[in-house]
Each structure stands twice: as structure tokens, then as C-alpha cells.
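Peer 1: coords please:
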Amino acid sequence: MKTEVAPLEGNKVKLSVEVEETEVDQAVDETFDRFTKELTIPGFRRGKVPRRVLEARIGKVAARHEALDKHIPVWYGQAVRDKAVDVINEPTIEVKTGEDAGAVAFDAVVEVRPKLELTGYDALAVTVPSPNVPEAEVQAQIDRLRGNFAELAVVDREAKAGDSIVIDLTGARDGKAVAGLSYTDYSVELGSGNDLPELDQHLPGAKAGDTVKFEADVGGSPVQVEVLVKQVQEKVLPAETDEWAEEASEFSTLAELRKDIETRMSEIKRAQAALSLRNGVLDGLASLVGEEPPTVLVDVETRRMAEDLGNRLDAQGVALQRYLDAIGETLEQVIAQLREQAVPAVKVDLALRAVADAVGIEPSESEMEDFMGRLAAQAGVDAGQFIAQVERTGRRLAVRSDLKKSKAFDWVVEHAVITDEEGNPVDRASLARQSEPALAPQAAPPGTPATTTATATAAVTASASGAEAE
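Peer 2: Predicted structure coming up:
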């Protein structure tokens, strides 16, 4: 079989395929063999009908057309694999010669994934929250913990936020007392978010013996509130000592407690900064793609996202209509939102492919084996079984493409220019947890289409459970 590929306008190509007569004859023979097994001819047992009888009954030309209808898609698929054409849609096929006899020649016009030429990917500017933990934030956590052990002391001064105020409170609407809105010796902490928010607004500045009157919204209508301030109490925090630290925590010294708080806060800030870095890289890559991605790719990604949403709802036992009612949107509105999200995801996918080509990323066989081993672990199947299934179903190139994108993503992350909100440089090594290497490569970049790997994983999982793989 001979194949030539010619570019067409837009992101389409034409594959001109020539199939030798001997191969066509073999396809016709296979078709007659199938007819022999499937057709019942009076006077002959099934499977024993002579070829000449079938030719006379069906016709050589009709049988040839049947053979071409079945084998041209196979020859087209072989041509796509031989020439490594990255098709993204169904082809339009036109038979040029050989419909009735001889060698067969056909043209296949098909949309392919566009190849981009990007600039700026080698130094993306990304802003992340600072991974450093200021001493003031550590002290604030210490003080918050001390507040749990605070004692209240009566003070002779105006009330302020953080104080506890002992009050008598009454409420009336149109001169009549409001049921449930009368309290005696009621303690409220200012600034803590009281059930009656107006207390936090009107009581600061009041002293013991003061009467404060204001209007509050209760049940959607105004209520006249009168408050008698009986005491102002302030919190007295315990001293920062080793004895207090031992009482308040599992640590025996204040230094150990402080170090633990700092470590925990550092882990959180590192994780937040690392996530911001990854999201910033994805956003930056999408912004480098100026043209709109092919509609068919957006359609595929939208369907994938919709299926993912459906799977998550099923896992939670939530019916689709119940979900739509809860968010107050129609199915059409949800699909439209998913489509909006699909566009940048497809742009990132195209950008990562372009980066991989531009910097010459080609996974080694050992990297492929390790990558598929991780995918197998995610699918919960044996690695050898996974690899064999990927090979059998012809998905090795697709999985290899996903690994290239993952490595391209890591490459862009490694070359990004990272600063915090104040413009200070951030060392990417500082974004890693202390127990893992800095920004270790992931199985697939977050936020990018993963249909190929997901399909391969699903196929192997189905096979492992006895289902027929796609």
C-alpha cells in the first residue's frame, strides 16, 4: 500500500492511498469466505457453498463493492498510522479508481490537529502567593491558641472588639415586645459574629451603665432594640511559657509549639503557591494561543467534561435534575459553561504539544514503561496487563503523546519566572514539600484534556473486569 499526504487549506490534509490489486483480491476473497459462512443457499449446506455459485447469485461487482466498503476504512486507518497523521475528525473518502476491477486508489480528506508555533513559553511570568511564613502570622496563631485559655476580667473602660459584654436586652416592634428577644445577663463577644449583627455595630464605645438604643432587622422587618450594658470584660491571655505550651498542646516547650505551627503554615503556603504556579502556567500557555481551536476538539473536550460531571454526580448519588435545580440552571446553561471551560483547556493541550515539539521532548522507553506503570496503578490493574492492552488496542502513540505533554508541562514550569505579589523572586525549590522533590512530574498536567490516557485506562479496567475493551 502506498500513501501520499498533501496539506490543504486550513488544518486539513489529503491522504492519497493506492492499494495493490493483490491486496484488493485478498479482501474480496475474505468477503466471499464470509458470505460462505453467513449465507444459506438452497441445495447447499452452510459453509459449503462453492465460490462460483456465490458469484452467480451475488455478483462479482457487488461482492467487490462489499469488500471495499469493509476494507477501505481499514486501509485508511493503516495509512494514518504509517504516516503518523494526527487526525481529529472523521474523513471524507472518495474512491478514484478500482471500484470494479484492478488496484484501488482513494483520497481521504480529514481535519488534523493544528501544529502551533509559540513564543514566550520559555519564560512565562507567574505570580504566586509568598511561600514564606512571616513571624507575625505565627504569633497570631499563638495568640489565637492563647485565646482559648483566656480568662475574663472586668474593666472600667469603653468596650471594644474582642471584649465580652454582659447586657440586658429587649426588643419591641410597634411598641409591643417581640417574643424571644428579651435577655437578662446575656454575654456577647464583640466582633465574633453575633446572631444580632447590629450589636457589633452599636456596642463598641459603650461603658458599664450605658443604655444603647438602635434599630435592627429581625425576621425581615425593623425592631427597636434597647440594651443596658452591665459589665465590660476583657480577655486576659496566659503568658507564653513552656508550662502553658505543655498544657495547651502535645509539646513540652513553647519553642517546639512555635516550630510546629510554623511548619504547618509553611506546608499550607507551599501548597498554595505550588497550585498557583501550576494554574498560572496553564493560564499563561492558553494565552499564548491566539487563534480559536478547532470546533471538533472543543466538542470532544466538552463531552469529556460533561461525562466527568455525570460520573461525579452518579458517585454522589445525585440525580442530574436535582443538581440543576440546586444550582438554578438548565442543562443547556451548564453545557454552555463547560464549553467555555473547554476552550482554554484545548488551547493548553495544543500549546503543550507545540512546546514538546519545539524543545525536542521525546520520552525514552524506560520513561514510557514508568508512565504506563503509574497509569496502571491509577486504574488498579497489573502493569503488564495494562501495557499489553495499550499495545493491542493501538493506543501506545496516544499514551506517548500524553507523556510528552506532561514532560512539556514540567519543562515550562522549570523555566517559568516566578515572583510573589510584591514582585520578589520565588525559588521554585521552596514550593516543594520537605518530603518530596521540587514540583515532581505528574502523570498528566492538570487542566488539560486527558481523553487519550483516560480512554486507555478505561479500556484496560474494563478488560480486567471481563468487559470488552474499546
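Peer 1: Ile418: helix or strand, and which one exactly?
Peer 2: Element membership of Ile418 [criterion: DSSP states H and E] is strand 417-419.
Peer 1: quick one, helices of the stretch 1-150 of the chain?
Peer 2: Assigned helices in the stretch 1-150 of the chain, in chain order: 21-38, 51-58, 60-82, 135-147 (criterion: DSSP state H, counting those that start in this stretch).
Peer 1: in the third one, what counts as buried?
Peer 2: For helix 60-82, burial by neighbour count (16 or more other CB atoms under 10 Å) applies to 63-68, 71-72, 75-76, 79-80. To be clear about C-beta, it is placed using only N, CA and C from the backbone, and glycine gets the same treatment.
Peer 1: all helices of the stretch 301-450 of the chain, in order?
Peer 2: 320-327, 331-359, 365-379, 383-392, 396-415.
Peer 1: helices or strands next to the longest strand belonging to the chain in the packing?
Peer 2: Once the chain is assigned using DSSP state E, the strand that runs over the most residues is strand 221-236. Contacts defined by 3 or more CB pairs under 8 Å, 6 or more residues apart in numbering; DSSP states H and E place strand 221-236 against strand 151-154, strand 164-173, strand 176-189, helix 198-202, strand 211-218.
Peer 1: reformat the ones you listed as TSV; add distance to Asp107 and mean pLDDT.
Peer 2: What follows is the helices and strands packed on strand 221-236, written out as TSV (distance: least, CB to CB, whole Å; pLDDT from 0 to 100):
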stretch	distance to Asp107	mean pLDDT
strand 151-154	88	95
strand 164-173	83	95
strand 176-189	80	92
helix 198-202	76	93
strand 211-218	74	93
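Peer 1: where in the stretch 1-150 of the chain is pLDDT low?
Peer 2: Of all residues in the stretch 1-150 of the chain, those with pLDDT under 70 make up the ranges 38-39, 43, 45, 47-48.
Peer 1: likewise the stretch 151-300 of the chain?
Peer 2: Short version for the stretch 151-300 of the chain, where the test is pLDDT under 70: none.
Peer 1: re earlier: output the helices of the stretch 301-450 of the chain as JSON lines; include the columns mean pLDDT, mean neighbour count and distance to Asp210.
Peer 2: Converted to JSON lines, the helices of the stretch 301-450 of the chain look like this (pLDDT from 0 to 100; neighbours: other CB atoms under 10 Å; distance: least, CB to CB, whole Å):
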{"stretch": "helix 320-327", "mean pLDDT": "94", "mean neighbour count": "11", "distance to Asp210": "47"}
{"stretch": "helix 331-359", "mean pLDDT": "95", "mean neighbour count": "19", "distance to Asp210": "53"}
{"stretch": "helix 365-379", "mean pLDDT": "90", "mean neighbour count": "16", "distance to Asp210": "65"}
{"stretch": "helix 383-392", "mean pLDDT": "87", "mean neighbour count": "17", "distance to Asp210": "75"}
{"stretch": "helix 396-415", "mean pLDDT": "92", "mean neighbour count": "20", "distance to Asp210": "60"}
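Peer 1: how is the chain divided into domains?
Peer 2: 2-111, 151-236, 254-464 (automatic domain parsing).
Peer 1: and those domains: which comes nearest Ala245?
Peer 2: For these, the distance to Ala245 is smallest for domain 254-464, at 4.3 Å, taking CB to CB.
Peer 1: what's the helix of greatest length in the chain packed up against?
Peer 2: Across the chain, the longest stretch assigned as helix under DSSP state H is helix 254-288. When contacts are defined as 3+ CB pairs under 8 Å, 6+ apart, helix 254-288 packs onto strand 125-127, helix 135-147, helix 242-248, helix 331-359, helix 396-415.
Peer 1: can you say which of those is nearest to Gly284?
Peer 2: Using CB to CB, the helices and strands packed on helix 254-288 put strand 125-127 closest to Gly284, at 6.5 Å.
Peer 1: I'd like to know which elements that closest one is packed against.
Peer 2: By 3+ CB pairs under 8 Å, 6+ apart, strand 125-127 packs against helix 254-288, strand 417-419.
Peer 1: now do the longest one against helix 135-147, angle only.
Peer 2: Right, helix 254-288. 130 degrees (axes from the mean of the first three to the mean of the last three CA atoms, to 10 degrees).
Peer 1: now do the buried residues in helix 254-288.
Peer 2: For helix 254-288, a neighbour-count test (16+ other CB under 10 Å) marks 254, 257-258, 261, 265-266, 269-270, 273-274, 276-278, 280-282, 284-286, 288 as buried.
Peer 1: likewise for stretch 162-179?
Peer 2: For stretch 162-179, by 16+ other CB under 10 Å, it's 163-167, 169-171, 178.
Peer 1: list the contacts of it.
Peer 2: 152, 155, 159, 181-191, 203, 206, 216, 218, 221-235 (CB atoms under 8 Å, 6 or more residues apart in numbering).
Peer 1: end-to-end on it?
Peer 2: By CA to CA, to the nearest Å, the extent of stretch 162-179 from end to end equals 29 Å.
Peer 1: ok, back up a step: quick one: the longest helix of the chain to chain centroid distance?
Peer 2: Mean-position distance between helix 254-288 and its chain equals 19 Å (CA atoms, centre = their mean, to the nearest Å).
Peer 1: now stretch 205-218
Peer 2: Going by CA atoms, centre = their mean, where stretch 205-218 is centred and where its chain is centred differ by 51 Å.
Peer 1: so what's the residue count around the residue lying closest to Ile335 once chain neighbours are set aside?
Peer 2: Beyond its immediate neighbours in the sequence, the residue positioned closest to Ile335 (CB to CB, 6 or more residues apart in numbering) is Ala306, lying 6.4 Å away. Using other CB atoms under 10 Å, Ala306 has 16 neighbouring residues.
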